[in-house]
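Visitor: what's the 3D shape of this:
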Amino acid sequence: MKKHIFTLSFVAISILFVSVLSSCGDVKPRALGFETEIIVIADTVEYMKFEESLTEVFSSIIYTPQPENLFYLKRKPFNSLRNNERKKNILIIAPLNSKSEVGNYINSIISPEVKAKIE
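Guide: Numbering: from 1, shown residues only. From the prediction side, this is the model:
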């Protein structure tokens, strides 16, 4: 009797294991980069307008044995978006009324309903 229970348990666990493995077919590639780095895709002039606020929010200091920033911001131009799309933390910023490449991109990906809620 114990042998049958063991065999049934083994078969059940094997079926569960195989079904879990087979359901993982569309696995996304791993994100790259450091946990504490935020890639900011922004126009240079617009980034300068937002830099102080971004730094205040994301770069606050954590007091561990040695003080360190919560996140480090690294600004990249819009044309580097494709090269950085697999990074862990990406922030794309521009005012909605901006005519920069980043502003045009943001306006092209958000729906009119979202724009209405933001404005």
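Visitor: what segments of this structure are helices?
Guide: Listed in chain order, the helices of the chain (DSSP state H) span residues 2-22, 44-58, 81-84, 101-109, 112-118.
Visitor: which of those comes out lowest on mean pLDDT?
Guide: Note on those: helix 2-22 shows the lowest mean pLDDT, a mean of 54.
Visitor: tell me, how many residues neighbour residue 105?
Guide: Residues near residue 105, counting by other Cβ atoms under 10 Å, number 16. For glycine as for every other residue, the C-beta is placed from the backbone atoms N, C-alpha and C.
Visitor: report the contact partners of the nearest residue to residue 35 once chain neighbours are set aside.
Guide: Closest residue in space to residue 35, ignoring its immediate chain neighbours: residue 88 at 6.5 Å, by Cβ to Cβ, 6 or more residues apart in numbering. When contacts are counted by Cβ atoms under 8 Å, 6 or more residues apart in numbering, residue 88 touches 31, 32, 33, 34, 35, 37.
Visitor: separation between the fifth one and residue 60?
Guide: Between residue 35 and residue 60 the distance, using Cβ to Cβ, to the nearest Å, works out to 16 Å.
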